[in-house]
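>>> could you look at this predicted model? Sequence included:
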Amino acid sequence: MSTHGMILFGHGARDARWKEPFTRLAAKLAAARTNDTADNDGGPVALAFLELMEPSLPDAIAAQAAQGCTVITVVPVFFGQGGHIRRDLPALIAQCQADHPDVQIRCATAVGEDDAVLDAIVGYCLTHASQHASPGDA
């Protein structure tokens, strides 16, 4: 049986507080995978960053490979498919695949490219607008 790891890949920032929602997202994903009967292995969930924060994507993949993951899915937590996703990420994935030939490394599209994510953001915006509407806004 294979163990399937997941890595949430973000840009990184100098301000440590920037990482907080990514940490919460990783915890929520790990809990969901543990409770999901369809995801039988409930493999590890980790964060990785392009720059300015640790761990790097190669380090995160190496850690999951060392934990016995035979499949790793990298999920770019970026809003769109900019240069980092079109250029930098494929090069990093290729490097990691060469370093870990026995691990199948998959890469999702940027989360912001998915309609379900956009629908969730629309819902958030509408909820926010209705909660903060003043009486004369009707």
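All right, it came through fine.
>>> distance-wise, check Cys107 relative to Asp114.
Look at Cys107 and Asp114: by C-beta to C-beta, to the nearest Å, they are 14 Å apart. C-betas here are computed from N, CA, C, even on glycine.
>>> and whatever helix or strand Ala31 lives in, what's buried?
Assigned by DSSP states H and E, Ala31 falls within helix 20-35. Within helix 20-35, the residues scored as buried using 16 or more other C-beta atoms under 10 Å are Phe22, Leu25, Ala26, Ala30, Arg33.
>>> residues in contact with Ile85?
By C-beta atoms under 8 Å, 6 or more residues apart in numbering, the residues touching Ile85 are Pro76, Phe78, Thr109, Ala110.
>>> now, which of those residues sits nearest Val122?
Ala110 (17.3 Å; C-beta to C-beta).
>>> so where do the strands sit in this protein?
Listed from the start of the chain, the chain has strands (DSSP state E) covering 3-10, 45-49, 69-76, 104-107.
>>> tally up the residues packed near the residue nearest to Gln97 when sequence neighbours are not counted, please.
Nearest residue to Gln97 in three dimensions, chain neighbours excluded: Ile105, at 5.2 Å (C-beta to C-beta, 6 or more residues apart in numbering). Applying other C-beta atoms under 10 Å, we find 23 residues neighbouring Ile105.
>>> if Ile105 is in a bridge, with which residues?
Ile72 (DSSP bridges).
>>> how far out from the middle of the chain is the lowest-mean-pLDDT helix or strand in the chain?
Least confident element among the helices and strands of the chain, by mean pLDDT, DSSP states H and E: helix 83 (a mean of 87). How far helix 83 lies from its chain's middle: 17 Å, per C-alpha atoms, centre = their mean, to the nearest Å.
>>> and what of stretch 122-130?
Worked out by C-alpha atoms, centre = their mean, stretch 122-130 lies 24 Å from the chain centre.
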